[in-house]
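With the sequence up front, the predicted model follows.
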Amino acid sequence: MSFDALPADHPLATGVTADAPLVAALEGRAATHRPVWFMRQAGRSLPEYLKVREGTTMLESCLKPDLAAEITLQPVRRYGVDAGIFFSDIVVPLKVAGVGVDIAPGVGPVFDHPIRTMADVDALPALGEPGDGGAMDEALEPVREAVRLTVAQLGSTPLIGFAGAPFTLAAYMVQGRPSRDHMAARELMWSAPEVWEALVSWTSRAAGLFLRAQVLAGASAVQLFDSWAGSLSEKAYVEKCAGGSRAALMAVADLGVPRIHFAANAGHLLDPMGAAGATALGVDYRTPLDEASRAVGGRFPLQGNIDPAMLAAPTATLEAHVLDVLRRGAEAPGHVVNLGHGMPPHADPDVVKRVVELVHERG
Ligand code: 1CP
């Protein structure tokens with residue numbers, strides 16, 4: 001892989017993270033051990049997180065570079081995982097662009113004005129181009145600063161940057177808040193196709209700019225969280241959403257970093273998700289990794305997929321499950337161990353640490 005388009009001091013360009021187990025596995029190369037990290041490894045499951053977050057709202061925390069860096073590093077220190085996941089949120093690029101959104105405690109993203117019409121889309125802030133010094137570019141500076149601070153302390157452990165996929169972002173924007181079935185967005189794509197297309201075009205640019213800012217500032221891989229894509233039929237995904245995901249991922253393709261594409265509940269979408277600009281696929285806990293690998297013709301390194309509920313199981317049950325994940329994951333051309341969705345807030349950090357040790361010993 002060529003990293004010529006990255007800044008000369010980027011940890012992939014200097015070689016500091018180029019042979020890290022995470023990067024090697026995501027490129028389908030041999031790694032010294034099976035790498036492991038966890039979606040939502042930072043956050044409420046860690047007492048040190050609850051402590052530093054006291055008195056600061058979620059979005060404020062994301063935009064305070066030293067705090068975001070500290071929270072990103074906490075699980076790396078505690079667990080010895082093979083990657084940091086940048087502490088931020090999928091709505092941060094929207095917030096810094098000027099969209100009226102907040103994260104309500106215990107709820108999630110809540111928008112001042114749900115997007116339903118072309119006038120609503122037209123009223124969204126202009127996004128500009130990366131590096132053009134425009135409003136979005138400047139507003140992303142706290143994100144770049146947080147990434148730089150984090151990467152300086154991570155050393156040879158790679159940082160994963162991320163963004164919400166265009167559909168998942170649009171699902172929140174159309175509904176105006178979290179929803180169970182994302183019906184408002186799924187209706188809009190068929191009832192007002194031109195509004196949907198304009199909205200997805202906007203969200204894919206926002207996601208692409210957010211990813212690009214993180215990579216140029218030092219992230220060694222990216223993950224696109226298409227968390228709610230599993231609610232879509234294959235037809236809706238392919239016709240209405242995959243193009244936006246592809247545009248977001250292609251915004252960093254010239255930089256040469258691995259591009260992970262994850263969706264929950266999406267065993268039926270693995271093939272089109274791979275075709276949408278990914279170099280690796282995140283698999284939720286419902287589809288065994290050997291089956292997932294066969295479903296995509298063995299063409300992609302895979303990430304996953306310990307069942308988060310298993311973290312509550314007796315040790316022997318959990319260990320047998322982790323070993324089963326390792327065995328099935330070995331069928332893919334590369335395997336990064338992860339949970340099959342986010343860390344439960346009540347997960348026991350000591351149990352999580354034992355999982356990391358087990359993966360490092362046996363993987
Ligand atoms: O008050 C709080 O502490 C807020 C809880 C919280 C946290 C810790 C939210 C609100 N976001 C985050 C951080 C976050 N969000 C990370 C950080 C890094 C890490 O993984 O350790 C990441 C990667 C995200 C991404 C994110 N935000 C996703 C995709 C991941 C997934 O779980 O599928 C989604 C869907 C969101 C929206 C969101 N933000 C917050 C919540 C509670 C939600 C979900 C709301 C819903 O159920 O729809």
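On my side now, so go ahead. Since the structure is predicted, the reported quantities are computational estimates derived from the model, not experimental observations.

For the rest of this, base every contact and every neighbour count on C-alpha atoms.
Fine.

Can you pull the phi and psi angles for the residue in the stretch 251-363 of the chain that the ligand sits nearest to?
With CA to the nearest ligand atom, the shortest gap between the stretch 251-363 of the chain and the ligand falls at Gly342, namely 5.1 Å. Gly342 adopts backbone torsions of phi -70, psi 160, taken as degrees, to the nearest 10.

which residues does it contact?
Gly342 sits next to 38-41, 308 when contact means CA atoms under 8 Å, 6 or more residues apart in numbering.

Can you lay out these as CSV showing secondary structure and pLDDT?
CSV is the format used below for those (DSSP: H, G, I helix; E, B strand; the rest coil; pLDDT from 0 to 100):
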residue, secondary structure, pLDDT
Phe38, coil, 98
Met39, coil, 97
Arg40, coil, 95
Gln41, coil, 96
Pro308, helix, 97
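
These: which ones sit near the ligand?
The subset of these within reach of the ligand, by CA under 6 Å from any ligand atom, is 39-41.

Considering the residues you listed, which possesses the most neighbours?
Within these, neighbour counts (other CA atoms under 10 Å) peak at Gln41, which reaches 28 neighbours.

and that residue, what does it touch?
75, 85, 342-343.

Can you tell me how far it is from Pro345?
Going from Gln41 to Pro345 by CA to CA, to the nearest Å gives 9 Å.

Point out the other helices and strands that the helix or strand encompassing Val143 packs with.
Per DSSP states H and E: Val143 is located in helix 141-154. The elements that helix 141-154 packs onto, with contact taken as 3 or more CA pairs under 8 Å, 6 or more residues apart in numbering; DSSP states H and E, are helix 65-79, helix 193-217.

Could the C-alpha coordinates of the first one be exported in CSV?
What it means is helix 65-79. Listed next in CSV are the C-alpha coordinates belonging to helix 65-79 (Å, rounded to 0.1, in the frame of the first residue of the first chain):
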residue,chain,number,x,y,z
PRO,A,65,-9.0,18.3,22.2
ASP,A,66,-7.2,17.3,25.4
LEU,A,67,-10.3,15.7,26.9
ALA,A,68,-11.2,13.8,23.7
ALA,A,69,-7.6,12.6,23.5
GLU,A,70,-7.6,11.5,27.1
ILE,A,71,-10.9,9.6,26.7
THR,A,72,-9.6,7.9,23.5
LEU,A,73,-6.5,6.7,25.4
GLN,A,74,-8.2,5.4,28.5
PRO,A,75,-9.3,2.0,27.1
VAL,A,76,-5.9,1.6,25.3
ARG,A,77,-4.1,2.0,28.6
ARG,A,78,-6.5,-0.2,30.6
TYR,A,79,-7.0,-3.0,28.2
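
Now Pro288. Nearest residue, chain neighbours left out?
Spatially, and ignoring its direct neighbours in sequence, Pro288 is nearest to Arg328 (7.1 Å; CA to CA, 6 or more residues apart in numbering).

Which positions in the helix or strand where that neighbour lies come out as buried?
Assessed by DSSP H and E, Arg328 sits inside helix 315-329. Residues 318-319, 321-323, 325-326, 328-329 are the ones in helix 315-329 that count as buried (16 or more other CA atoms under 10 Å).

In JSON lines: those residues, plus pLDDT and distance to Ile90.
As requested, these are arranged in JSON lines below (pLDDT from 0 to 100; distance: CA to CA, whole Å):
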{"residue": "Leu318", "pLDDT": "98", "distance to Ile90": "30"}
{"residue": "Glu319", "pLDDT": "98", "distance to Ile90": "32"}
{"residue": "His321", "pLDDT": "98", "distance to Ile90": "30"}
{"residue": "Val322", "pLDDT": "98", "distance to Ile90": "29"}
{"residue": "Leu323", "pLDDT": "98", "distance to Ile90": "32"}
{"residue": "Val325", "pLDDT": "98", "distance to Ile90": "28"}
{"residue": "Leu326", "pLDDT": "98", "distance to Ile90": "29"}
{"residue": "Arg328", "pLDDT": "98", "distance to Ile90": "30"}
{"residue": "Gly329", "pLDDT": "98", "distance to Ile90": "28"}
